[in-house]
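Chemist: Fold the stuff below for me.
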Amino acid sequence: MAKVDTRRHIGDTLLERGVVTKDQLMHALKIQDKDADRSPRRLGQILHAELNLDRHEVMKAIADVFAFPEITFDKSPLPDQVIERIKRLSDKLPKEIIAELREIKAIPYLSQNNTLVIAASDPTEPSLPELASQLPYKHFEIAYCRLELIQEINHRVFEQKNEYLDLLDEIEFEQTDILEEEEETVSEAELDAEINQSMLNSLIEGMLMEAVRKSASDIHILPAGQRSTDIMFRIDGKLQLWHRQDNVKPEAISSVVKDKTRNVDRFERDTSQDGFIQRRIDGISIRYRVSIMPLVGEEFDRKFESIVIRVLDDRKVITDLNKLGLQKNAYQDFVKAITKPSGIVIITGPTGSGKSTTLIAALYSVIDPSRNVLTVEEPVEYLIKGARQLKIGQHMTFDQSMRGILRHDPDIVLVGEIRDLKTAEIAIKLANTGHLTFSTLHTNDAPSAISRLYSMGIEPFLIANAINLVMAQRLVRKLCDKCKRPINPPIEALKSLGFTDQEIEESTFYEAVGCDHCHGGYKGRIAIMEALYFSKEIREAIMKAGSNIDEEHIRRLAIEKNGMLTLRSSGRERIKAGITTIDEVAAITLEDG
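Modeler: Next comes the predicted model:
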């Protein structure tokens, strides 16, 4: 009897349903054959990960092929009684099996008549039957459930439990006899006495876990007194106090963090240090970039330090340009710029404005196995599949690597930041020798990037010919859809942002309220952007201006000829769409925007 090619059967079904085209299917099958020896992936995984097809459409069709039922809900969030039922069921089952199920995005969903129903985002996962057979049920059934629902259940059932913080509630904070308040200096013996209290380790591990679960971008650890330390999380761009630890000297907490951090010296307290921590949180590998700086305190002999920990969660990496939320004109100009064979694409904005996120999404859209993609970043934040990310360190500096890439036969280069004349010159040289180059620059808006490059020493004709696009961006907080409330704002406030009478008449404006699902009325952030595409008119204006670069003239020309939105007008569009508030846009855009 001839062996049935299950892949072809699934592929034909997807083709018949219009989920994939014939070319997409053939491409996915080729990738699967090529990867088979190294890391075999199922067809659905490849269609979603490599071809950016809608995951739910693909997996639903595959589930139908194998006759897996689908679990759906009309309401979101899921009803509390469903969550409570899954909690009770999970508490009865072996924790190690539950952890493995969660790792593959599956959860025990329902138990009846000695049959366990397991909901899975990919019911064809090979390890599912083996895991299910280890559970104390005579029979099991596997059902398909879309990934977003699985993630919601995981978050509400499991991720609220933080065993480290639970442990803290049971521990009394003891004051050691040798820690006298009048003593000015802190010895290593004293620190060890405090560190040996298990609560400090639990506190730091719990902090790392909670930061991930609360979607914090950064953790700040700051001395708040002789025996007090504040731990703050930056969530949606705003710092908020998460925990104040009393009855422990700040130096002890700093030492615990250092003990957990690679590449730092616990006993060095007079210079800045950088290192990293790696943990597996809820089945996901998370990296933490640690920055430690000495502080001046009221007590001269105390060695206080400020610690900032950047949370690097690869789940937050956007690899699809369509998910960046670029507005229509900006999207069209951005795509034109990054699909050219050469030239520079520059993203500008302050720290924390999402520049790296935009660059990585752009890079993923042009990465191809036939092209050599190099990145020079200091430090590297996210791993980019398909790119060669050069390692900056003691033996190879940023400048050395920039000079080296010219000899490394690149097609596409990402330069973390144009920081000085040397970097700018190499970026210009790459663009003028047929390479597509991505980089960032710290300027307030797009036109001022031209002046900045000129002030570094780059001639106007080189700037005009080398750059494809400069895009300035900021992040504004998004209103919570569950609690935002319509308001009638003062006309003066609207006029100051540039709203016309017609826009005021036709638009609905909202204010932040606050509820259990958000942070003070906001949840998540979205970019506003000013995309300056270097059209023929813009290039001519730059070359004609020479050393007398007129940023305002370039801005007006881009608005009139290319339809460019300034940062403020981009913000107005977000307000009109009910995405953010007047206060958010007014706070981060320039008056003349």
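Chemist: what about the residue lying closest to residue 391 once chain neighbours are set aside, is that helix, strand or coil?
Modeler: Spatial nearest neighbour of residue 391, chain neighbours left out: residue 380 (7.7 Å); criterion: C-beta to C-beta, 6 or more residues apart in numbering. For glycine as for every other residue, the C-beta is placed from the backbone atoms N, C-alpha and C. Assigned by DSSP: H, G, I helix; E, B strand; the rest coil, the conformation of residue 380 is coil.
Chemist: for residue 219, same thing?
Modeler: Criterion first, three-state DSSP; result for residue 219: strand.
Chemist: Bridging across strands, which residues link to it?
Modeler: Applying DSSP bridges to residue 219 gives these bridge partners: residue 233, residue 309.
Chemist: for this protein, which helix is longest?
Modeler: helix 198-213 (DSSP state H).
Chemist: Centre of the chain to it, how far?
Modeler: For helix 198-213, the gap between its own C-alpha mean and the chain's C-alpha mean amounts to 21 Å (C-alpha atoms, centre = their mean, to the nearest Å).
Chemist: for stretch 295-306, same thing?
Modeler: The answer for stretch 295-306 is 33 Å, by C-alpha atoms, centre = their mean.
Chemist: From the opening residue of that stretch to its closing one, how far?
Modeler: Between the opening and closing residues of stretch 295-306 there is a gap of 6 Å (C-alpha to C-alpha, to the nearest Å).
Chemist: what comes up buried for that stretch?
Modeler: Residues of stretch 295-306 classed as buried under the neighbour-count rule (16 or more other C-beta atoms under 10 Å) are 302, 303, 304, 305, 306.
Chemist: For residue 512, state which of these is nearest.
Modeler: Out of these, the one with the shortest distance to residue 512 is residue 306. That distance is 29.9 Å, counting by C-beta to C-beta.
Chemist: What mean pLDDT does whatever helix or strand the closest one lives in get?
Modeler: The secondary structure element spanning residue 306 is strand 305-312 (assigned by DSSP states H and E). Strand 305-312 comes out with an average pLDDT of 95.
Chemist: re the thing from before, in the longest helix of the chain, what counts as buried?
Modeler: Residues of helix 198-213 classed as buried: 199-212 (neighbour count, 16+ other C-beta under 10 Å).
Chemist: burial of residue 507, as a residue count?
Modeler: Residues lying near residue 507 (other C-beta atoms under 10 Å) number 14.
Chemist: The chain should start at 676 in everything you say after this.
Modeler: I'll keep to 676 as the first residue from here, and by that count the last item is residue 1182.
Chemist: isn't the residue nearest to residue 1066 right up against residue 1064?
Modeler: Yes. Taking C-beta atoms under 8 Å as the definition, residue 1055 is a contact partner of residue 1064 at 5.4 Å.
Chemist: tell me, how many neighbours does the residue nearest to residue 1066 end up with?
Modeler: Residue 1055 has 17 neighbouring residues, counting by other C-beta under 10 Å.
Chemist: Return the distance of it relative to residue 983.
Modeler: Here the criterion is C-beta to C-beta, to the nearest Å. By it, residue 1055 lies 17 Å from residue 983.
Chemist: do residue 1061 as well
Modeler: Between residue 1061 and residue 983 the distance, using C-beta to C-beta, works out to 30 Å.
Chemist: which of those two has more neighbours?
Modeler: More neighbours sit around residue 983 than around the other of residue 1061 and residue 983, counting by other C-beta under 10 Å; the figures are 16 against 11.
Chemist: pLDDT value on the closest residue to residue 1044 other than its chain neighbours, please?
Modeler: Here the nearest residue to residue 1044 in space, its sequence neighbours aside, is residue 1061; by C-beta to C-beta, 6+ apart that works out to 7.1 Å. Per-residue confidence at residue 1061 stands at 88 (pLDDT).
Chemist: ok, now the one 5 residues further on?
Modeler: Looking at residue 1066, its pLDDT is 81.
Chemist: what's it sitting at in phi/psi?
Modeler: With angles defined as degrees, to the nearest 10, residue 1066 sits at phi -90, psi 110.
Chemist: Quick one: neighbours of it, just the number.
Modeler: Neighbour count of residue 1066, defined by other C-beta under 10 Å: 12.
Chemist: The one 4 residues further on now?
Modeler: When counting by other C-beta under 10 Å, one arrives at 7 neighbours for residue 1070.
Chemist: before we move on, which element is it in?
Modeler: When secondary structure is defined by DSSP H and E, residue 1070 falls outside every helix and strand.
Chemist: One more: residue 701?
Modeler: helix 697-710.
Chemist: Over to residue 1250?
Modeler: Using DSSP H and E, residue 1250 falls in helix 1242-1251.
Chemist: now do residue 816
Modeler: Applying DSSP H and E, one finds residue 816 within strand 814-819.
Chemist: Which positions within that strand qualify as buried?
Modeler: Applying a neighbour-count criterion of 16+ other C-beta under 10 Å, the buried positions in strand 814-819 are 815, 816, 817, 818, 819.
Chemist: could you dump those to TSV with pLDDT and distance to residue 1076?
Modeler: TSV is the format used below for these (pLDDT from 0 to 100; distance: C-beta to C-beta, whole Å):
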residue	pLDDT	distance to residue 1076
815	93	53
816	93	54
817	94	49
818	93	50
819	94	46
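Chemist: of all those, which two lie farthest apart?
Modeler: 815 and 819 (14.6 Å).
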